Structures are given as C-alpha cells and as structure tokens.
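> Okay, predicted coordinates and the sequence, questions at the end:
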2 protein chains.
Amino acid sequence: MDIKVILVEPIYQGNVGSVARAMKNFGYSDLVLVNPCELSGQARAMSSHARDILENAITVSSIEEAVAGCSLMVGTTGITGTRFDLHLRVPGYSPSEIKERLLDMDGTIALLFGREDNGFTKEELKKCDIIMTIPTSEIYPVMNLSHAVAVILYEFSEMEKGSNPMADPFDMKLLYEHISELLADIDYPEHKREKTDLMLRRIFGRACLLPREVQTLRGVMRRMQKRSDVESEQDDNII
Amino acid sequence: MDIKVILVEPIYQGNVGSVARAMKNFGYSDLVLVNPCELSGQARAMSSHARDILENAITVSSIEEAVAGCSLMVGTTGITGTRFDLHLRVPGYSPSEIKERLLDMDGTIALLFGREDNGFTKEELKKCDIIMTIPTSEIYPVMNLSHAVAVILYEFSEMEKGSNPMADPFDMKLLYEHISELLADIDYPEHKREKTDLMLRRIFGRACLLPREVQTLRGVMRRMQKRSDVESEQDDNII
C-alpha cells in the first residue's frame, strides 16, 4: 500500500528528523511537510541514516496540496472527542482496525499528523475521511509525534497492495460536494446540516468506496434531487 | 501481563526520557536501568508527563539484578545474525509472534534493550530466553531505542494476563544448569557443547514452560544421567 506521511505544522525539528528515521526503518519514503518549523542540524541528527528522506521531503503550504492524489485521508489524533467536537472525532479507529478495512484495496493513503501541542484544528479534522487513534492509557494518552508515526508504520508495514483500486480522489470530492448540494436541495434543517454533512462524509470515507460505487451513489442522489424538484414544483403549483 | 522494561547501559539521556513517556502512554511503569548514563534535564524534558516513571526507575549494576523475579527474558535486537554469532540471534521472533506465544500465560516478562550503539554483548544475548526483532526494512533496520520500545509496548498492551502461571525463574535456572550438567555427563563433544547448550536453552525458553513441565523434564534428565552412569560403569568394567 502506498503511504504518504504528512506532518501538519510540526514545531520541533528533532521530531521531524525522528519521523524520517522511523519511515526509513519501515520502508517508507514519501514525507510531506505543511508549513514546518526550521529544519537544520538537529533534524538531520535525529534522522540518523534517513537523511535522504528528510532532504527529499516536500514542503507545501496547505493540507490540500499535501494530500493531492491520495485516495484516503487518515487523520491521527490522540485527543478523544470533547463535548463540543465529538462529531468531528468519532468514530476513531485503531491502526489495526484501519489495516483490516484497507485489506485488498489499492490506492495512496495520506497519513496526517497534527501539531505537537495543539493537534489539528476543527476545519482540518473535517477534511479527513477517517480518524485514527492509537489505543493508549487513559492516564497519559498523548504520544510523542515520532512514536505515533513509528507505531502506525509498524502496524501498516505488513499490509500488501490489494487488487481493488479505491475511487479516484477527484470523484470522491465531487461525491462530497454532491452530498452538500443534496442536503440543501431537500431543505435539510440548516442547524443540523453541517454535522450531518460531516457524518455522511465520514461514513463514505471509511467505507473506502470503489469507483463504481461512487457512480451509483451519485446516480441515486441525482434521482433524489429530481424527485425533490418535482415535488417542490407541485408544492409551488398548489400554492 | 506484567512487563519490566530494562535498558542496558543506555547512552543518551533523551532516549531514557522518551522511553519513560512511551511506557506511560501504554500503561506500563516498571523501568529498570542497568548502569545508565547521567540522567538530568534532557531526560526529564523528553519524559514529558511521565516524569514519575523516570523518577521511580530502579538503577542496578547488572542484568542479573535487573531480571530478578522475571519468568522470561526477552532480548530485543535490530541486528540480525552475522556469520559469527548466528546461533546467538536466531530464531528471532516478531513482537506479534511473541504475543501469540504468551497468550494465556501469567508471569513477569523482562523486555531487555541494548545500548544505542552496540546493542548487547554476546554474553548478554546468551542469557536471554527469546530474541525479539521488530520486522523492519532491510535497508535501514536500526530503530531509535524509544521507537522500538513504543512499537513493542503498543503490540503487547492489549495482551491480558492468562491463567497459566509460567515456571518459576529459579526452577528455570536449575533446569538450565541441569542441561549443562547433562551435556557434560553424556560426554557431548566439547567443541559443540556451548552452542547446543544455548540452543536447548532457547528452545525451552521460548516454549514458556509450565511448572510441572520443568519438573518432568528434570525427571527425564535425571533418568538419562542415571542410565549414562550405569553405562560408563559397564564401560569401565569392560576395560
């Protein structure tokens, strides 16, 4: 399975170096850094014999650029849902559960890791298809960034490329836009719309859809929209 | 399962702190340090909220003291066997294979980690019952010490205590001494004795023997010794 490790605004260069080393230990090389801290001597020292991974890392200024071409965006968070953002963070899957889900699939997975101090913003979490949480002690769940990367790559490293290509990222984007459009078309209550939109995105995201499934879903939605148009016209006529 | 993490002569204090953090993340607290480097500010900084684990770590001056009371000594090495010490390092088991083996067992496991630069000495490796190797890329198999600890504790953290108590460490020691004695008694060729002794130790070590199995094995060996005595006496008589 192709994996891109994406660090979002890492603040300690030593961690970036350590992440590069863990990647090379498990045979991965695609490192993407979104607005990283300065990388100099300490990052190189911690990367040890993985200096090539560090030097070939791609630096971008947005998550959108970082995930380009990826079929699935997996956001890793050690922080479980609070009362205010529960819908953003649940359900959270363990690395082994996500591995199970990806068996027999083919595509590029974006593994996203947030800032060492504040993790992801709500907007960033919303963009993820699946939320991954490493099962840890409740007493001290916050892992060091490079430890989290090492544990996840260890879990994923035995995963082989399957024979079912995942849906194209562009088609998934169109599907999600279509869902938002449909919710508006059917006059879904405004105050619930955002959460439901996100929930549907999470459901289809973690389902790892095949290309033909995306097309069928969009066909069903077009049908619903058509029906809804007819009915609003009828409503208009009655008025 | 009770686990003791034992670092043998660690040389970087930052690593010791990081190990403490990884232990607390996965709910472990027994850290034993054999002749460690100086531990000061950097160790505390890297331990983050696991300063208690670091402060409660026990410092000893030998591996024997470190493993006191442990039923199984698992030595972790990233370095696979070379021509000269292959018999010391193989077979190496992955963390998940060792987890499988320990299912349903009860006892304290000593997880030993060698020096960051030179790992274990041959004499230290000989003392281990099982050799564990994290499956890594062949290109760069040497993991950071705290990454290795994190990956292994992640793998072991879901392991529950079983109902079969492992043989008492003292009885295992007697068994191993008995094996050496037996090899001498049967005039096993001197030049092969050390390697065979170690191989038998590894076989019984990884078998995670139950108390009654140790007693039966020793009974069988006593019988062999008796038989061997009788035969040597007969030989003597013939001469």
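Sure thing, it's come through.

> Okay, now the unreliable bits of chain A?
Residue ranges of chain A with pLDDT under 70: A:79-91, A:230-239.

> so is the residue nearest to the spatial centre of chain A in a helix, a strand, or just coil?
For chain A, residue A:73 is the residue whose C-alpha lies nearest the centre (C-alpha atoms, centre = their mean; 2.3 Å). When classified by DSSP: H, G, I helix; E, B strand; the rest coil, residue A:73 comes out as strand.

> Just list the residues touching it, thanks.
By C-beta atoms under 8 Å, 6 or more residues apart in numbering or on different chains, the residues touching residue A:73 are A:67, A:110, A:112, A:127, A:128, A:129, A:130, A:205. All C-beta spots, glycine's among them, are computed from the backbone N, C-alpha and C.

> possible to save those residues as a markdown table with neighbour count and distance to residue A:22?
As requested, these are exported to a markdown table (neighbours: other C-beta atoms under 10 Å in any protein chain shown; distance: C-beta to C-beta, whole Å):
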| residue | neighbour count | distance to residue A:22 |
| --- | --- | --- |
| A:67 | 24 | 20 |
| A:110 | 26 | 17 |
| A:112 | 26 | 16 |
| A:127 | 18 | 24 |
| A:128 | 25 | 21 |
| A:129 | 24 | 23 |
| A:130 | 22 | 21 |
| A:205 | 21 | 26 |
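
> Out of the residues you listed, which comes closest to residue B:10?
residue A:112 (32.1 Å; C-beta to C-beta).

> tell me the phi and psi of the closest one?
Reported as degrees, to the nearest 10, the phi and psi values for residue A:112 are phi -100, psi 140.

> before we move on, the earlier item: looking at the contacts of residue A:73, which are in helices?
A:127, A:205 (DSSP state H).

> can you narrow the contacts of residue A:73 to ones near chain B?
When contact is defined as C-beta under 8 Å from any C-beta of the partner chain, the contacts of residue A:73 do not meet chain B at all.

> And chain A, split by domain according to the record?
In the domain annotation for chain A, the residue ranges read A:2-165, A:169-238 (automatic domain parsing).

> and these, which is most packed in?
Of all those, domain A:2-165 has the most neighbours on average by mean count of other C-beta atoms under 10 Å in any protein chain shown, namely a mean of 19.

> Just the endpoints, please. Distance across that one?
12 Å (C-alpha to C-alpha, to the nearest Å).

> what's the answer for stretch A:131-144, then?
Across stretch A:131-144, first to last residue, C-alpha to C-alpha, it's 18 Å.

> outside of it, which residues touch it?
A:15, A:74-80, A:88-95, A:98, A:111, A:125, A:148, A:151-152, A:202, B:18, B:21-22, B:24-27, B:46, B:48-50, B:146, B:150, B:154, B:157-158.

> Please repeat the previous calculation with a cut-off of 6 Å.
A:74-76, A:78, A:89, A:92-94, A:98, A:151, B:21, B:24-25, B:27, B:49 (C-beta atoms under 6 Å, 6 or more residues apart in numbering or on different chains).

> and if you look at stretch A:200-219?
Taking contacts as C-beta under 6 Å, 6+ apart, the residues outside stretch A:200-219 that touch it are A:105, A:129, A:130, A:164, A:166, A:167, A:171, A:175, A:176, A:178, A:179.

> Show me what from chain A comes close to chain B.
For chain A, the residues in contact with chain B (C-beta under 6 Å from any C-beta of the partner chain) are A:21-22, A:24-25, A:27, A:49, A:136-137, A:140, A:143-144, A:147, A:150-151, A:154.

> so of these, which ones are in strands?
With strands defined by DSSP state E, no entry of the residues of chain A next to chain B lies inside them.

> Among the residues you listed, list the two that are farthest apart in space.
By the measure C-beta to C-beta, those have their two most distant members at A:49 and A:137, which lie 31.7 Å apart.

> before we move on, back to that, of the contacts of stretch A:200-219, which is the nearest to chain B?
Ranked by distance to chain B (C-beta to the nearest C-beta), the contacts of stretch A:200-219 are led by residue A:130 at 18.8 Å.

> Secondary structure element for residue A:214, which one?
Residue A:214 belongs to helix A:211-238 when assigned by DSSP states H and E.

> Please apply the same query to residue A:191.
Using DSSP H and E, residue A:191 maps to helix A:190-206.

> Tell me the bridge partners for the residue nearest to the centre of chain A.
Listed by DSSP bridges, the beta-bridge partners for residue A:73 are residue A:110.

> Would you quantify the distance from it to residue A:206?
As judged by C-beta to C-beta, to the nearest Å, residue A:73 and residue A:206 stand 11 Å apart.

> Pull the distance from stretch A:215-235 to the chain's centre.
30 Å (C-alpha atoms, centre = their mean, to the nearest Å).

> Using CSV, write down the CA coordinates of that stretch.
Extracted in CSV, the C-alpha atoms of stretch A:215-235 (Å, rounded to 0.1, in the frame of the first residue of the first chain):
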residue,chain,number,x,y,z
GLN,A,215,-21.0,6.5,-9.6
THR,A,216,-24.0,4.5,-8.3
LEU,A,217,-24.3,6.7,-5.2
ARG,A,218,-24.3,9.8,-7.4
GLY,A,219,-26.9,8.3,-9.6
VAL,A,220,-29.1,7.7,-6.6
MET,A,221,-28.6,11.2,-5.4
ARG,A,222,-29.4,12.7,-8.8
ARG,A,223,-32.7,10.7,-8.7
MET,A,224,-33.5,12.1,-5.3
GLN,A,225,-32.8,15.6,-6.4
LYS,A,226,-35.0,15.2,-9.5
ARG,A,227,-37.8,13.8,-7.3
SER,A,228,-37.3,16.6,-4.8
ASP,A,229,-37.6,19.2,-7.7
VAL,A,230,-40.8,17.6,-9.0
GLU,A,231,-42.3,17.8,-5.5
SER,A,232,-41.3,21.4,-4.9
GLU,A,233,-42.8,22.3,-8.3
GLN,A,234,-46.0,20.5,-7.2
ASP,A,235,-45.9,22.4,-3.9
